[in-house]
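Enquirer: What follows is a predicted structure for the sequence shown.
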Amino acid sequence: MTITMPSGARFDLVTEYMREHEGEWPRSWDDLRELYEAKGARVSDWTFEKYQSRMFIDFTADPKELRTLSLRPGPVKFNAIKARRALGWAGGAGNETLRNYFRLEAQGHTEESNVETTD
């Protein structure tokens, strides 16, 4: 199976990791590499090294705290994942992805993210 993440879903690797690890937050790039490579994931045409060089992930983030903050009204109040450079899809998109993940989870939704799979 290959996971192809559409260009707007470059932040979904972390939420996919959490889905597969009972809500645990990845603690290192090695955690994400396993998922990326085990499923043949590709973000556009990026290698894992390119993905890693373009993304910032706070591996010390506490998913319980992120979940709590996500359920509060108003703008996102954390900065746990983002693009390292100002790219067209950068800004707060990664943190919005996380907030949406936690909000859907709180509502009892366990659907897969916007990740397309091919066999």
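Expert: Nice, I can see it.

Enquirer: switch to C-alpha atoms for all contacts and neighbour counts from now on
Expert: Noted.

Enquirer: Next, count neighbours for Arg99.
Expert: Burial of Arg99, expressed as a neighbour count using other CA atoms under 10 Å, amounts to 23.

Enquirer: So it is in contact with Val76, correct?
Expert: Yes - with the criterion set as CA atoms under 8 Å, Arg99 and Val76 qualify as a contacting pair; they are 7.2 Å apart.

Enquirer: what is in contact with these two at once?
Expert: Counting by CA atoms under 8 Å, 6 or more residues apart in numbering, the common neighbours of Arg99 and Val76 are Ser70.

Enquirer: Could you find the closest non-adjacent residue to Ser70?
Expert: Counting by CA to CA, 6 or more residues apart in numbering, Ser70 lies nearest to Arg99, which is 4.8 Å off, once chain neighbours are set aside.

Enquirer: what does Lys77 give?
Expert: Spatially, and ignoring its direct neighbours in sequence, Lys77 is nearest to Leu69 (6.5 Å; CA to CA, 6+ apart).

Enquirer: buried sites along the helix or strand containing the one you found?
Expert: Remark: Leu69 resides in helix 63-70, with elements defined by DSSP states H and E. Residues of helix 63-70 classed as buried under the neighbour-count rule (16 or more other CA atoms under 10 Å) are Pro63, Leu66, Arg67, Leu69, Ser70.

Enquirer: Same check on stretch 13-21?
Expert: Neighbour-count burial for stretch 13-21, with 16+ other CA under 10 Å as criterion, is recorded at Leu13, Val14, Thr15, Glu16, Tyr17, Met18, Arg19.

Enquirer: contacting residues for Ala93?
Expert: Contact partners of Ala93, counting by CA under 8 Å, 6+ apart, are Phe11, Lys82.
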